[in-house]
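>>> Provided below are the primary sequence and the corresponding predicted coordinates.
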Amino acid sequence: MVIKIDTESQEFQQEYTKTLSFTDKVCNQFGFVYNPEDEINESVKTGLTRNKLIYGKRYCPCFMVEGQTEEERKAANNRICPCKPALEHEIPNDGHCHCGIFCTPEYAAKHVIEKSAVQVSHTHSRGLSKEECLALLDQKDLDSDELESLIEAREIGLVDFILVDVREWMEYKGERIVGTDFLVPTTSFYQALSQIDDKKDENIIVYCFSGSRSAYCQQIMKKMGYNKVANLAYGIVSFKGQTQRG
């Protein structure tokens, strides 16, 4: 049976107004702020309102509500907003709850900068600011536009990072990204990595042909104590910037 809730109904709109007051109260009580992405906030608030009308409680809309009766739902330990995992683990560790609506002020501010950096990188409307560069370098994965913009910013001294090719020597000689600092082949990875053993706290970007080898190397490096390692997703094959041979 599909439960149909009319979001235009007076009943829903009245409950939605109460949900707005509820989420405002949560933010004020715990010092949270809303996600900078309004679409996320709207979706979560709508889901909370829906669950309140169906179940009588504002269960987290990002998880299924288990149990047919109130007693069964209580025994199933369903998440009720603001849920314990979010308050105790997700927000302190990740900066936001699983649903994304509640954030720390620091996470929200950083997210705004990251979004701006991505937009600038893809439109090339202007050069990156230093804050935008650092926000991009803090990401797990970068695309071609983002790496190209970072290389341009490095050339003018705005930011510094190490660009590492983890392919083999013959691939490196065949074609590599202009600005590559080190070759650390996967066949001699641990030995070649000694070249940057003293750079574990510096920003590092790794790349390979398609992004898979470098993603694997990224994981190994992080386990070895390299703190800031980003990966060029889809590898050099996707890169639109300058390359060189020989």
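Done, it's in.
>>> now the terminal residues of stretch 157-166, how far apart.
With C-alpha to C-alpha, to the nearest Å applied, stretch 157-166 spans 25 Å between its terminal residues.
>>> now it, how far from the centre of its chain.
21 Å (C-alpha atoms, centre = their mean, to the nearest Å).
>>> please name the nearest non-neighbouring residue to the residue nearest the centre of the chain.
Nearest to the mean C-alpha position of the chain, by C-alpha atoms, centre = their mean, lies Gln139 at 6.5 Å. Once flanking residues are discounted, Gln139 sits nearest to Ala230: 5.9 Å by C-beta to C-beta, 6 or more residues apart in numbering. Where you see a C-beta, it was placed from the backbone N, CA and C, and this is true even at glycine.
>>> now the strands for the protein?
In the chain, the strands defined using DSSP state E lie at 33-34, 102-103, 141-142, 162-165, 176-177, 182-183, 203-207, 228-232, 243-244.
>>> now do the contacts for Asp143.
Neighbouring residues of Asp143 by C-beta atoms under 8 Å, 6 or more residues apart in numbering: Ser121, Leu232, Ala233, Tyr234, Ser238.
>>> make JSON lines from the residues you listed and add pLDDT to it.
Shown next, in JSON lines, are these (pLDDT from 0 to 100):
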{"residue": "Ser121", "pLDDT": "90"}
{"residue": "Leu232", "pLDDT": "97"}
{"residue": "Ala233", "pLDDT": "95"}
{"residue": "Tyr234", "pLDDT": "93"}
{"residue": "Ser238", "pLDDT": "94"}
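>>> can you give the domain ranges for this structure?
10-103, 109-241 (automatic domain parsing).
>>> list the buried residues for stretch 85-99?
Ala86, Glu90, Ile91, Gly95, His96, Cys97, His98, Cys99 (16 or more other C-beta atoms under 10 Å).
>>> shouldn't Glu132 be in contact with Val120?
Yes. With contact defined as C-beta atoms under 8 Å, Glu132 reaches Val120; the gap is 6.4 Å.
>>> who touches the nearest residue to Ile113 once chain neighbours are set aside in this structure?
Nearest residue to Ile113, sequence neighbours excluded (C-beta to C-beta, 6+ apart): Ala135, at 4.5 Å. By C-beta under 8 Å, 6+ apart, the residues touching Ala135 are Lys110, Ile113, Glu114, Ala117.
>>> rerun that using 6 Å as the cut-off
Ile113, Glu114, Ala117 (C-beta atoms under 6 Å, 6 or more residues apart in numbering).
>>> okay, and which of the residues you listed map to helices?
Ile113, Glu114, Ala117 (DSSP state H).
>>> picking up where we left off before, to what extent is the residue nearest to Gln139 buried, counted in neighbours?
Neighbours of Ala230 under the rule other C-beta atoms under 10 Å: 23.
>>> may I ask you to name the longest helix in the protein?
helix 10-30.
>>> is Val164 in a bridge, and if so with what?
Phe182, Val206 (DSSP bridges).
>>> so where's this protein shaky on pLDDT?
For the chain, residues meeting the criterion pLDDT under 70 lie at 1.
>>> change it to 80
For the chain, the stretches with pLDDT under 80 are 1-3.
>>> all helices for it, in order.
Using DSSP H, helices in the chain cover 10-30, 38-55, 70-75, 84-85, 91-94, 105-123, 130-137, 144-155, 169-174, 189-192, 212-223.
>>> out of these, nearest to Gln244?
With C-beta to C-beta as the criterion, Gln244 lies closest to helix 169-174 of those, at 10.1 Å.
>>> neighbouring contacts of that closest one?
Counting contacts by C-beta under 6 Å, 6+ apart, the residues outside helix 169-174 that touch it are Asp165, Leu183.
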